[in-house]
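# For reference, the sequence and a predicted model appear below.
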Amino acid sequence: MDCRPEADPPRPPMLLGLTFGFLSMLGPFAIDFYLPALPTIARELRCTPALAQLTLAIFFLALAFGPSLYGPLSDRVGRLPLLYAALVVFLFGSLLCVITPNIEWLIGARFIQGLGGCGTTVLARAMIRDVSRGHAAARLLARAFLVQGISPLLAPVLGGALLHYMSWRWLFVVIGTLAVIAAGLGASILAETHPSARRLAPSRNSFWRSYEHLLGNRRFMAMSFVAGSSTAGAFAFLTTLPFILAHQYGFESTAIGAIVALVAGSQIIFTQLCPRLLRHWGFEDYLTRVTTAGLALAATFGTAAAVSSTGVAAFVAIVAGLFGTDGLLLTPGAVGALDAAPNEGGAASALLGTLQLLCAAAASMLLSAAPAGALWPAALATCVCTGAAAGAAWLARQPQGSRPG
């Protein structure tokens, strides 16, 4: 793949990347920021904890299916109109959360909020593809992931701190305010990146035909699964890591939080190294080196889980390395997928995000069925996800239309 930029971005890459990151952060922030308030919400709205948790599940449902509308539509009408529409929907859903009289209302409001939040993520990614490709796109995505990755670390802490001083309803005021700030950033920094000359003509069947084309595009699907497998490996492992630290090593909550933050932080740091390494090695050589390193680390972790004699320092180092590998694969996976669909950037961004979410959900569900705190399920999931990413990267290198092997 040619890693030279298609065109210089209209703004400095750092500023543009951070703006895209802020837009992409809205959905994840709306999840993590209010998590500490779930017990309070259940108590004040007089509902069961299961119903309160449903406000989280319904948000994920909107994140999974909402992008299928934004992506192809933006290929036909442009990015900015839909971006502002998504921000209005997100703000409207946030305000409904503030004034909710009961849990049923809150569940519906969270679905509306999720529909807006998924739109900003999809459109930010599509706009990155519009203004850059290859190495330049990797640089913008790395800056966006920097903001998006810090959010899960800070949002629960900030939300829990604010709950000491205000009602949980004010948390949704803060979330809605972020949509207003995002609209201001968009108006001052962003321009339309998908001009009318490049838009697809709307027709009765063209909306879903975009997905038909993408599903038949081997490189797009392969690179999407590189990104999806790396997302699944990190996300699934993150859900079981606290139990492993508690059951296997006897850590308390404070130490567990610090180690989880350290491990998650390694992914953010390695994501920022990705553009430099891509420029130095080239795209294909980069994928070979990183997937090989990931397989070696996964094999090491699997061996350590089999013998059950890993010290805590070695365990944390291996896990941090695995998370770093996931970070190194996430950016080129997304860039490679978007570059493989130059005429359908919106639909490609939507399908990429949906596949990542489905991969992460599948891995998390499988791990949740395993014994809590056991090392071997996490090691098995890591080996499977890393192997899938390596296999998808190899498949992506095969010429379109050829038969592997």
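Cool, got the structure. Remember, it's a predicted structure, so these values are computed and weren't measured experimentally.
# Name the spans of the protein whose pLDDT lies under the cut-off.
1-13, 203-207, 239, 253, 307-309, 368, 372, 400-405 (pLDDT under 70).
# Please report the distance of residue 217 from residue 201.
20 Å (Cβ to Cβ, to the nearest Å). Glycine gets a C-beta too; all of them are placed from N, C-alpha and C.
# Please say which of these two ends up with more neighbours.
residue 217 (19 against 6; other Cβ atoms under 10 Å).
# Pretty sure residue 29 sits against residue 155.
Yes - counting by Cβ atoms under 8 Å, residue 29 does reach residue 155; the two are 5.2 Å apart.
# how about residue 347, what does it touch?
Residues counted as contacts of residue 347 (Cβ atoms under 8 Å, 6 or more residues apart in numbering) are 71-72, 75, 210-211, 214, 341.
# give me that answer again for 7 Å
71-72, 75, 210-211, 214 (Cβ atoms under 7 Å, 6 or more residues apart in numbering).
# now swap in residue 393 and tell me
Contacts of residue 393 by Cβ under 7 Å, 6+ apart are 226, 287, 291.
# Which of these are buried, as a PyMOL select command?
Selection of buried members from these for PyMOL, criterion 16 or more other Cβ atoms under 10 Å:
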select buried, resi 226+287+291
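# Redo the contacts of residue 393 as JSON lines? Include secondary structure and distance to residue 65.
Shown next, in JSON lines, are the contacts of residue 393 (DSSP: H, G, I helix; E, B strand; the rest coil; distance: Cβ to Cβ, whole Å):
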{"residue": "226", "secondary structure": "helix", "distance to residue 65": "23"}
{"residue": "287", "secondary structure": "helix", "distance to residue 65": "30"}
{"residue": "291", "secondary structure": "helix", "distance to residue 65": "31"}
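# any idea which of the contacts of residue 393 is the one closest to residue 245?
If you rank the contacts of residue 393 by distance to residue 245 using Cβ to Cβ, residue 291 comes first, at 27.3 Å.
# give me the number of residues near the closest residue in space to that closest one that isn't next to it in sequence?
Leaving aside its sequence neighbours, residue 291 sits nearest to residue 390 (Cβ to Cβ, 6 or more residues apart in numbering; 3.9 Å). Applying other Cβ under 10 Å, we find 21 other residues in the vicinity of residue 390.
# Next one: residue 390 from residue 298, what distance?
9 Å.
# can you check residue 266 too?
Relative to residue 298, and taking Cβ to Cβ, residue 266 is found at 15 Å.
# out of those two, which sits in the busier spot?
Between residue 266 and residue 298, counted using other Cβ under 10 Å, residue 298 has the larger neighbour count: 26 against 21.
# what sits against the more buried one?
322, 382-383, 386.
# repeat that with 8 Å
So residue 298 contacts 322, 379, 382-383, 386-387 (Cβ under 8 Å, 6+ apart).
# now do residue 216
Residues near residue 216 by Cβ under 8 Å, 6+ apart: none.
# So what does it look like in phi/psi?
When read as degrees, to the nearest 10, the backbone of residue 216 gives phi -90, psi 0.
# Likewise for residue 168?
phi -60, psi -30.
# Apart from its chain neighbours, what residue comes closest to it?
In this structure, residue 168 finds its nearest non-sequential neighbour in residue 37, 3.9 Å apart by Cβ to Cβ, 6+ apart.
# That neighbour reaches residue 171, doesn't it?
Yes - judged on Cβ under 8 Å, residue 37 makes contact with residue 171 at a distance of 5.9 Å.
# how close does the residue nearest to residue 51 when sequence neighbours are not counted sit to residue 32?
Nearest non-adjacent residue to residue 51, counting by Cβ to Cβ, 6+ apart: residue 103, 5.0 Å away. Going from residue 103 to residue 32 by Cβ to Cβ gives 20 Å.
# can you list the domain ranges for the chain.
13-202, 217-396 (automatic domain parsing).
# can you give me the helices in the stretch 101-250 of the chain?
In the stretch 101-250 of the chain, the helices defined using DSSP state H, counting those that start in this stretch lie at 103-131, 134-162, 168-189, 206-215, 218-249.
# Check those helices for me and report the most buried one.
helix 103-131 (a mean of 25; mean count of other Cβ atoms under 10 Å).
# ok, and the residue nearest to residue 144 when sequence neighbours are not counted, which helix or strand is that part of?
Leaving aside its sequence neighbours, residue 144 sits nearest to residue 21 (Cβ to Cβ, 6+ apart; 3.8 Å). Secondary structure from DSSP states H and E places residue 21 in helix 13-32.
# Point out the other helices and strands that that helix packs with.
When contacts are defined as 3 or more Cβ pairs under 8 Å, 6 or more residues apart in numbering; DSSP states H and E, helix 13-32 packs onto helix 49-65, helix 79-98, helix 103-131, helix 134-162, helix 168-189.
# Residue 251: which of these is closest?
By Cβ to Cβ (comparing all of the helices and strands packed on helix 13-32), the closest turns out to be helix 134-162, at 18.1 Å.
# which stretches of the stretch 251-400 of the chain form strands?
Using DSSP state E, counting those that start in this stretch, the stretch 251-400 of the chain contains no strands.
# quick one, phi psi at residue 199?
Backbone torsions for residue 199, taken as degrees, to the nearest 10, come to phi -80, psi 150.
# Make 3 the starting number, not 1.
Sounds good: first residue 3 from here, last item residue 201.
# Which strand or helix spans the residue nearest to it when sequence neighbours are not counted?
Closest residue to residue 201 apart from its sequence neighbours, by Cβ to Cβ, 6+ apart: residue 78 at 5.5 Å. Element membership for residue 78, per DSSP H and E: helix 69-79.
# Relative to residue 244, how far out is residue 165?
21 Å.
# Same question for residue 158.
Applying Cβ to Cβ to residue 158 and residue 244 gives a distance of 13 Å.
# swap in residue 331?
Distance from residue 331 to residue 244, by Cβ to Cβ: 24 Å.
# do the same with residue 33
Distance from residue 33 to residue 244, by Cβ to Cβ: 17 Å.
# Kindly report the same for residue 22.
31 Å.
# Same check on residue 183?
Taken as Cβ to Cβ, the span from residue 183 to residue 244 is 32 Å.
# Could you do residue 87 as well?
38 Å.
# hang on, the earlier thing: make TSV out of the helices of the stretch 103-252 of the chain and add distance to residue 285.
Shown next, in TSV, are these (distance: least, Cβ to Cβ, whole Å):
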stretch	distance to residue 285
helix 105-133	15
helix 136-164	7
helix 170-191	28
helix 208-217	20
helix 220-251	10
